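Student: whatever this is, show me its structure:
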Amino acid sequence: MKALIKGACLLFAVLMLCVAGIAQSEMTGKVSDPDGKAIIGASVEVKGKMTGATTDAAGHFRLRMSVGDTLVLSSIGFETREIVFRKASDLTISLAEANTILSDIVVTGYKSQEKTEITGSVSTIKMDKIAEGQAAESFSSLLQGKVAGVNIQLNSGEPGATPAIIIRGLAAVSRGDASAISEPLYVIDGIPIISKMSSEFAVTSTNVLADLNPSDIEDVVVLKDASAAAIYGSRAANGVILITTKKGKRGKPQINFNIRTGVNFVPQLRDVAAGTKEREQVKSLYDLYAPYGIAMPAMYTDVTNPFYNNSSDWQGYLYNTSVTQDYGASIRGAGDFGQYSISMGYMDSKGILFNTGFKRYSLMANTSFNALKSKLIINNTLAVSRTDQGRNPDGLSTTYSSLLPLPDNPLVKGAEVYQPGHISNLNDRVRFSSDATLNILRNLSYKASLSLEYLRAMQDNYSESRRTLRATNLSAVGENQNLLFQNTVTYTPKFGDGHSLSVLLGQSMEKTEAKITTVNSISAAPTLSQTVNWPRGSSIGSSNYGASTLMSYFSRIDYNFQQKYLLGASIRTDGSSKFGKANRWGVFPSISAGWNFYKEDIFADAGWLSSGKIRGSYGLSGTTWDNNYLALGIMDGGALDRYNSLVEIAYGGISGFTPTWLDGFKNDNLTWVKTNMANLGIDLTLFKGKVEFIFDAYEKLTKGLLLSTALPTTSGYNEVYRNAADVLNRGLEFTVNTNMRFGRDFTWNTSLNFAYNKNRVIRLPDGNADIIKVSTSGQDFGSIIRVGNPLNGFFFYESQGIYQAEDQIPVDPKTGRKLVGLQNKSLQVGDRNFKDQNGDYSIDVADRIYSGDPNPRWNGGWTNDFTYKGFSLNIVSTFVVGREIVNTALLDRLKLGKDFAGSSSLPNFDNYAIWEKSGDNARYPTLNPWSDATQVINYDSEYIEDGSYFKIRSATLSYTFSNRVMERFPFERMRIYCTADNLITFQKYSGPDAELVTIDGFDMSGGYPMRRMLLFGVSISL
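Tutor: Numbers count the residues shown, from 1 in each chain. Okay, the predicted model is just below:
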C-alpha cells in the first residue's frame, strides 16, 4: 500500500512538473499596428512578475509565460493594452494608435510634462515628416504657417538669408533704418544658444541658425505666453523656441539615408522695356520734356551701330536655373546601456542669381550612458557645422539698359558690364554639452550640465572696378563663445488620492564673449588676390572685444489633482552685467491654472468629448540689448578709416579715451525690458481625437523698451539711453486639427491656424514725441512711431490723384496764389495732387500723415495631408491678411534723373497708368526727368498697396513601398517623393512677391526674388 501511495505521489509530481513545464514554456508573439505593420521596440511585460521583452525589427518577441498570465503591452504612440494569455493565437496582438493629443510628452522649460497637465500656451511641431520631404537652409523656414501667432517673414530669396521670427506681435522700437526685431530665445536640447551676432560684432549676413540641419531635429516647441517662458527670465519676453534633436530608440540600429536633388527655377521678375520698346520710351520722353539743346545719346539714335542694336535680357543672363543638392545619413540605436545617434549632412544650394549660393556641412553625435543600475544617466552632445554663403559685391546689378550687349559679346570685351568680385561668408560652429542626472530617490533627481558653444564667422570680400582701376579687399573674423553651467533638482512626489506635485529648483551661470578683427585694403590696380595683401602699405585693421555674464536662480512648482485641477507657478531671478548698477537683478514670476473639465462626472457619458481644458496664466518676462557696456558708459578711442585717415583722441600729445558724444552718457538706472502677459485658452478634442480645437486670447504689454533721448548740448552729450517706450500687443489665436479616415485606405488630415494681432505704441520719450525713423546719414525712410498707432507706420503725403486741369490746382482766396508743391515747385497739369493737410497752401513735411500699417492683422497657415495606401500628398499654404506695403521697387525705377537715358533699364510704361496729356486716367504723375522738382518721391501714398497674400508654399507627392515589395530589397523602408516649392501666390500687390518685404513694410527684394523649386528625393531605412 505504501509503495502504491509513493508511486501515485511520484506520478502526480511528474504530471505537475509537466504542466509547470508547459506553463513556463517560452512563447513567441507579434505586435503590430492597426494596418498590420510591425511595431519595433514595443514593451511586453508579464503583469505582477519581473519578466519582460522588447519586440524586434519584425515586431516579434519571445517571453516565458504561463496560461492565465496577463501581458501588458505598450509603445510610444500607441494605447497600452492588457491581454490574458490562454492560447497561442492570443499572442498575435494589435495596438491601437494612441490619442496623441492627450498622451504627448512635451518639453517645456527645464522639464517635460504631459500635454494634459500643461497650463501655458505651448505649441509642438513634429519635424520628421516636414523635414524629410523638403530641402531647406534653416528649420525656421519650415515652420512657416505651422504655429498660430508665430509670424515668419522673409525679405529676400537669397540662399542663407535670415528670416524675421515674431511671436505674438512686434515689440521693438528703433530710431534707425535697421529694423528692430523682437527675436525669440532659442534653446537646443536644454541649452540656450547664440542665435545671432550683435550688430557690433556682426561679420557675415548668413542666418546663424542655418547651421542646424533640419533633419537632425525631432521636434520644435514654441513657448508663447509668459507662464511657459518666464522660467527663462530676462531673455524670454519675445517667446522661447525649444529644439529637441533626434536620439536613438530601442531595437535594432536604424540606418537612414535621405538623398534629394532639386532644380531651382527663376520666378516672375521685374518687367523691362527691351530693345525697340526702350528706344520708343526714351524718344517719347525727350520729345515731350527735353529742354532746347538737349539731344538723345547716340545709343538711341545710331540704330545702325551693332553695338547698340540689341535687346539684351540682363535678368535672363544674371538669373538662371540652378541646382540644390541635399544629402543626409544617420545611425541610431539604444539598449540597456543607453542610446546613441550619429548623423551627417551636406547641402549645396546654388542661387538663381549669378555668383550666389549656400553650402552646409554638419555632423552631430548624441550619446547616453546608464550607470549605477540606471540611477545615473550621462548624456553627451557634440555638433559641428560649417555654412558657406556666397554673395555678389554691391556693384552687381540687373538694371543695365537692354541696348548694351551681354558680356559674352566680343564687342564689349574688357568693358565693365558687371562688377567683378565675390563675397565669401563662412560660419563655423562647435557645440558641446554634457549632463549627468542622478536619481537619488524614487521621485528625487539631481541634474548638472555643462555646455560650451563656439561660433566663428569669417568674411572675405573682394571687388574691383574696371573703370577706376581700383580693387578693394576686406577680411574679417568674428568669434563668439558661450560657457554655461546649470544645476537642477527635481522632486515629483505623488500622495493621497490622486495628488501630484512637481518641484524644480535650479541655478545657472553663463558667460558670453565676442571678438572681431577686421582688415581692409585698397589697391590702385586690380589684383589677383581676393584676400587682404598685408605687405602693401594700404592695409589697415581694427579689433574689438566684448563680454557679458549672467547669474540665475529659478524654480517652478506644478500641482494637479487627478490630472483634473492644475496649478503652476514659476520664478526666476537674473543678475546681468548688462543691467545698470541700480537694477543689477531682475525678478520674473508667473502663475497659471488649468481645469480638465472633461474628467468631471457630468461628461462621463459624453462620447463626443475626448478631452477639454480651460487654462489661464499671467507672468512677467524680459529682454535686454546687444551692447554689453551701454549701462556703464561708452568710451571712444578714435579710429582709422579705410583710407588711412587718422581720427585720434589725444590730450597733450598722448592718445586716450573719451565718452562718446552720441551714447557715452552713463545711466545707472538702465534695466531689462519688462513684458507682462496675460493668456486665456481652451483646448478641445472631439470624436475620439478626430477633431482638435485650440483657442488663445492674450495681452502682451512690453514696458521700458530702450531708446535714446535727447540731452541739452550744455551736458556735453547728444543723447542718453533710457527705458523709455511701451508697446501693447493684443491678439487671438485659433488652431483646428482634424484626423479623418474614409474607408480602410484613405485618410485626410488638416491643420488650420490663424492669428489676429493688434499692435499699438502707448508710450514714447520726450513727452510722447513722434519718432521719424532715419538712417545714420540722416535719410528719412518714411516710417513713424507714434503713440496710439501701430509700430513703424508709414508717414507719407496723402495722394489725391493727378491734376488733370489747371482749375483743379487750389488757389489761396486771401492772396490769390496757387498751391505751392514740394521744393517750392509751381504746380501744373500732370503733377501729383497731394492733400494740403494744414491748409497753408504749401505742400511740405507738415502735410505728411500716418498713412498705413505694415504689421499684419491676420496671419496663419493651412496644411492638408492626404494618404491612400502607400501614396501621400502634403500641401502647405501660408497667408497674411490686413497689412500695407510700399512698392519701393517700382518707385525707385520711376525716378528718372536728367541722365536717365542709358544708365539703367526702364519698366514697360504700358503696364502703368502714367500721365502724358490732359484727360489721361493716370495713377502716376508725369515722368519729366528735367523737371525742377520731380513728382516721383519716396513719401507718396499712391505707392502703398495691399500686402495681403495667400501662398501655396509647397506640395509633396510621395510613395512608401509596401512590406511585400520591400522583401525584395535589402531595405526595411523606402520612400520616394517629389516636392514643388513656392508653387503659386495669390495677391493684389502689383510687385513680384508680396511676401518679400522688410518688417517696416518696404519692398527691398529687387535684388533677390524667391526661387521656385522642384525637388526629387528618396528616403531609405536599413
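
Student: from now on I want contacts and neighbour counts done on CA atoms only, so please keep to that.
Tutor: Noted.

Student: how close does residue 283 sit to residue 295?
Tutor: Taking CA to CA, to the nearest Å as the criterion, residue 283 is separated from residue 295 by 10 Å.

Student: in three-state terms, label the spatially most central residue of the chain for me.
Tutor: Centroid-nearest residue in the chain, with CA atoms, centre = their mean: residue 140, separated by 3.8 Å. Classification of residue 140 using DSSP: H, G, I helix; E, B strand; the rest coil returns helix.

Student: circling back to that earlier point, tell me which of residue 283 and residue 295 has more neighbours.
Tutor: Legend: neighbour count by other CA atoms under 10 Å for residue 283 and residue 295, higher for residue 283 (16 against 11).

Student: can you pull the pLDDT of the residue nearest to the centre of the chain?
Tutor: Note on residue 140: pLDDT of 90.

Student: who's in contact with it?
Tutor: Counting by CA atoms under 8 Å, 6 or more residues apart in numbering, residue 140 touches 152, 163, 165.

Student: mind listing the shared neighbours of residue 283 and residue 295?
Tutor: If you check residue 283 and residue 295 against CA under 8 Å, 6+ apart, no residue is contacted by both.

Student: distance between the ends of stretch 194-201?
Tutor: Terminal residues of stretch 194-201 lie 13 Å apart, using CA to CA.

Student: do the same with stretch 580-589
Tutor: Using CA to CA, the end-to-end distance of stretch 580-589 comes to 21 Å.

Student: go on, stretch 220-240?
Tutor: Stretch 220-240 has an end-to-end distance of 10 Å (criterion: CA to CA).

Student: swap in stretch 997-1010?
Tutor: End-to-end for stretch 997-1010, by CA to CA: 11 Å.

Student: what pLDDT, on average, does it get?
Tutor: 83.

Student: please enumerate residues in contact with that stretch?
Tutor: Outside stretch 997-1010, the residues touching it (CA under 8 Å, 6+ apart) are 153-158, 164, 179, 181, 267, 269, 353, 397-398, 783, 792-793, 854-855, 884-889, 982, 992-994, 996.

Student: right, and the helix or strand after the lowest-mean-pLDDT helix or strand in the chain?
Tutor: When the helices and strands of the chain are scored by mean pLDDT, DSSP states H and E, helix 100-103 comes last with a mean of 43. For helix 100-103, the succeeding helix or strand toward the C-terminus, using DSSP states H and E, is strand 105-107.

Student: buried ones in that following strand, by neighbour count?
Tutor: Within strand 105-107, the residues that count as buried by 16 or more other CA atoms under 10 Å are 106-107.

Student: how far away from the center of its chain is the helix or strand following that strand?
Tutor: Sequence-wise, the next helix or strand downstream of strand 105-107 (DSSP H and E) is strand 112-114. Distance, stretch centre to chain centre, for strand 112-114: 25 Å (CA atoms, centre = their mean, to the nearest Å).

Student: among the contacts of stretch 997-1010, which lie within helices?
Tutor: 888-889 (DSSP state H).

Student: buried only: go through the contacts of stretch 997-1010 for me.
Tutor: Buried members of the contacts of stretch 997-1010, counted by 16+ other CA under 10 Å: 153-158, 164, 181, 267, 269, 353, 397-398, 783, 792-793, 854-855, 884-889, 982, 992-994, 996.

Student: so where's the stretch 801-950 of the chain uncertain?
Tutor: Under the criterion pLDDT under 70, no range of the stretch 801-950 of the chain is flagged.

Student: where exactly do the strands run in it?
Tutor: With DSSP state E, counting those that start in this stretch as the criterion, the stretch 801-950 of the chain has strands at 832-834, 848-852, 858-868, 871-881, 884-886, 944-946, 949-960.

Student: next, the buried residues of the next helix or strand after the last one.
Tutor: Sequence-wise, the next helix or strand beyond strand 949-960 is helix 963-966, with elements assigned using DSSP H and E. For helix 963-966, a neighbour-count test (16+ other CA under 10 Å) marks residue 963 as buried.

Student: what's helix 963-966 packed up against?
Tutor: Contact here means 3 or more CA pairs under 8 Å, 6 or more residues apart in numbering; DSSP states H and E; on that basis helix 963-966 packs against strand 973-987.

Student: partner strands of the strand it packs on, with direction?
Tutor: Looking at strand 973-987 with DSSP bridges, its partner strands are strand 949-960 (antiparallel), strand 1012-1021 (antiparallel).

Student: for the host helix or strand of residue 795, give the mean pLDDT please.
Tutor: Using DSSP H and E, residue 795 sits within strand 793-797. What strand 793-797 shows for mean pLDDT is 95.

Student: residues contacting residue 890?
Tutor: Neighbouring residues of residue 890 by CA under 8 Å, 6+ apart: residue 991.

Student: go on, residue 581?
Tutor: By CA under 8 Å, 6+ apart, residue 581 lies in contact with 631, 668-670.

Student: would you map the strands across the stretch 351-500 of the chain?
Tutor: 357-371, 376-391, 421-441, 444-465, 470-491, 494-495, 499-523.

Student: of the ones you listed, which is nearest residue 94?
Tutor: Smallest distance to residue 94 across the strands of the stretch 351-500 of the chain (CA to CA): 31.0 Å, for strand 357-371.

Student: roughly how far out does the closest one sit from the chain middle?
Tutor: Averaging C-alpha positions (CA atoms, centre = their mean) puts strand 357-371 21 Å from its chain's average.

Student: now that strand against strand 421-441, angle please.
Tutor: Inter-element angle recorded for strand 357-371 and strand 421-441: 10 degrees (by axes from the mean of the first three to the mean of the last three CA atoms, to 10 degrees).

Student: who are the packing partners of strand 357-371?
Tutor: Using 3+ CA pairs under 8 Å, 6+ apart, the elements in contact with strand 357-371 are strand 338-350, strand 376-391.

Student: so what secondary structure elements neighbour the last one?
Tutor: Read it as strand 376-391. Applying 3+ CA pairs under 8 Å, 6+ apart, we find strand 376-391 packed against strand 357-371, strand 421-441.

Student: quick revisit: make JSON lines from the helices and strands packed on strand 357-371 and add mean neighbour count, distance to residue 510 and mean pLDDT to it.
Tutor: Below are those laid out as JSON lines (neighbours: other CA atoms under 10 Å; distance: least, CA to CA, whole Å; pLDDT from 0 to 100):
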{"stretch": "strand 338-350", "mean neighbour count": "22", "distance to residue 510": "28", "mean pLDDT": "95"}
{"stretch": "strand 376-391", "mean neighbour count": "21", "distance to residue 510": "18", "mean pLDDT": "95"}
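
Student: wait, what's in contact with residue 364?
Tutor: 216, 341-344, 381-384 are the contacts of residue 364 under CA under 8 Å, 6+ apart.

Student: wait, which of those residues is closest to residue 93?
Tutor: Closest approach between these and residue 93, by CA to CA: residue 341, at 30.0 Å.

Student: that closest one pairs with what?
Tutor: residue 332, residue 366.

Student: ok, now how distant is it from residue 26?
Tutor: Relative to residue 26, and taking CA to CA, residue 341 is found at 33 Å.

Student: kindly report the same for residue 472.
Tutor: Counting by CA to CA - residue 472 and residue 26 are separated by 78 Å.

Student: and these two? which has more neighbours close in?
Tutor: Neighbours were counted for residue 472 and for residue 26 using other CA under 10 Å; residue 472 has more, 22 against 12.

Student: dig out what the more buried one forms beta bridges with.
Tutor: residue 463, residue 522.

Student: the one 10 residues further on too?
Tutor: For residue 482, the residues forming beta bridges with it (DSSP bridges) are residue 453, residue 512.

Student: neighbours of it, how many?
Tutor: Counted with other CA under 10 Å, residue 482 comes out at 21.

Student: which ones are touching it?
Tutor: Taking CA under 8 Å, 6+ apart, one finds 193-194, 451-454, 510-513 in contact with residue 482.
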